[in-house]
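Undergrad: I need the structure of the sequence given here:
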Amino acid sequence: MKNRIVQLINNEGLTSSKFADTIGVQRSSISHILSGRNKPSLDFIQKIMAAFPSININWLIAGEGEMYGSKGADTLFSEMETDHLTTENQVNQPPKLNREPTPDNSLKADPMLGMNSFAPGKQIEKVVVFYTDKTFMQYNPS
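TA: Modelled structure (predicted):
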């Protein structure tokens, strides 16, 4: 990943110091990563994706695909069932349900989320919230 970060810095015409300022990390962090002393953290990668949203996250992390052209969330979650997230305008809208929830003992309230499961007999496993700055947060009720 270090070599891809160097490639990104060069491709954007930045110095390592300017790159650190752009993504909002200390200059020493860049130095440690480029020297091989440290590996990039998830927070570091998220800051790169926020500053450079056109970077393909699969390319950045695994070296797969092209450097530019794919949005991070589109490629990162391509294997997940995201039929209700087909356009950016729909990301902030809840999925359309085929039926109204009915009172059922199998519906468990989750105090962390403050909501019930939407389908009888099913429980929420995970909720992912996508923010406009291209970051996301994952909630696991259990």
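Undergrad: Could you chop the chain up by domain?
TA: Listed by automatic domain parsing, the domain ranges of the chain are 1-79, 81-142.
Undergrad: tally of neighbours for Ile5?
TA: Residues contacting Ile5 under the criterion other CB atoms under 10 Å number 19. All C-beta atoms are positioned from the backbone trio N, CA, C, and that covers glycine.
Undergrad: Name the residues that touch stretch 18-30?
TA: Residues from elsewhere that reach stretch 18-30 (CB atoms under 8 Å, 6 or more residues apart in numbering): 8-9, 12, 14, 16-17, 38, 44, 47-48, 50-52.
Undergrad: mind listing which of the residues you listed are in helices?
TA: Residues of those located in helices (DSSP state H): 8-9, 16-17, 44, 47-48, 50-51.
Undergrad: By neighbours, which of the contacts of stretch 18-30 wins?
TA: Neighbour-wise, the contacts of stretch 18-30 (other CB under 10 Å) top out at Ile48, 21 neighbours.
Undergrad: Once you drop chain neighbours, what's closest to it?
TA: Ile23 (5.5 Å; CB to CB, 6 or more residues apart in numbering).
Undergrad: Check Gln46 too.
TA: Gln46's closest residue in space is Thr135 (CB to CB, 6+ apart), at 5.4 Å.
Undergrad: Quick check: the one you found touching Ala51?
TA: No: Thr135 lies out of contact with Ala51 (CB atoms under 8 Å); the separation is 10.9 Å.
Undergrad: Nearest to Lys126, out of the ones in helices among the contacts of stretch 18-30: which one, please.
TA: Nearest to Lys126 among those, counting by CB to CB, is Ala50 at 21.9 Å.
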